[in-house]
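>>> sequence first, then the predicted structure, then my questions.
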Amino acid sequence: MTKINDLHNHWLHDPDYRAAYDSLEDEFALAAALIEARSRAGLTQGELAERMHTTQSVVARLEGGHIMPTTRTLEKIAKATGSKLKISFEPVITRHTP
């Protein structure tokens with residue numbers, strides 16, 4: 001049986017796959033941050049959903065990257081997890097060729 005990680009590592013050598021994967025980096029990072037905030041607060045998806053006045057399936061879709069949250073939703077997540085929402089813009093570092 002082939003493991004998904006083995007397939008992923010193999011596919012990363014394909015430029016089209018790599019470009020598509022890299023384009024999702026920010027969405028993966030956001031999903032990971034949502035999961036981290038919930039875990040740090042010691043909450044299940046259902047408990048977080050209750051605090052946010054939504055459903056567990058909505059939390060699952062947010063954490064799975066299937067829906068992009070609004071800033072209002074991010075604020076609700078922050079409040080429900082005892083976190084502070086911080087959004088920033090960071091400069092892109094580019095390489096200059098001489």
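Right, received. Where do you want to start?

>>> please count neighbours and contacts with C-alpha atoms only from this point.
Noted.

>>> in this structure, which helix has the most residues?
Looking across the chain with DSSP state H, the single longest helix is helix 25-40.

>>> buried stuff in that one?
Of the residues in helix 25-40, those with enough neighbours to count as buried (16 or more other Cα atoms under 10 Å) are 27-28, 30-31, 34-35, 37-38.

>>> point out the least confident one among the residues you listed.
Checking pLDDT across these, the minimum falls on residue 27 at 83.

>>> list the contacts for that residue?
Counting by Cα atoms under 8 Å, 6 or more residues apart in numbering, residue 27 makes contact with residue 65.

>>> now this protein, which segments are flagged as low pLDDT?
The model of the chain has pLDDT under 70 over residues 97-98.

>>> ranges for the helices of it?
4-11, 15-23, 25-40, 45-52, 56-63, 71-81.

>>> can you put the ones you listed in TSV and add distance to residue 95?
Shown next, in TSV, are those (distance: least, Cα to Cα, whole Å):
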stretch	distance to residue 95
helix 4-11	26
helix 15-23	18
helix 25-40	20
helix 45-52	42
helix 56-63	33
helix 71-81	32
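
>>> sorry, back to before: okay, the buried residues of helix 25-40 in a markdown table with distance to residue 16 next?
Below are the buried residues of helix 25-40 laid out as a markdown table (distance: Cα to Cα, whole Å):
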| residue | distance to residue 16 |
| --- | --- |
| 27 | 18 |
| 28 | 18 |
| 30 | 23 |
| 31 | 23 |
| 34 | 28 |
| 35 | 28 |
| 37 | 32 |
| 38 | 33 |
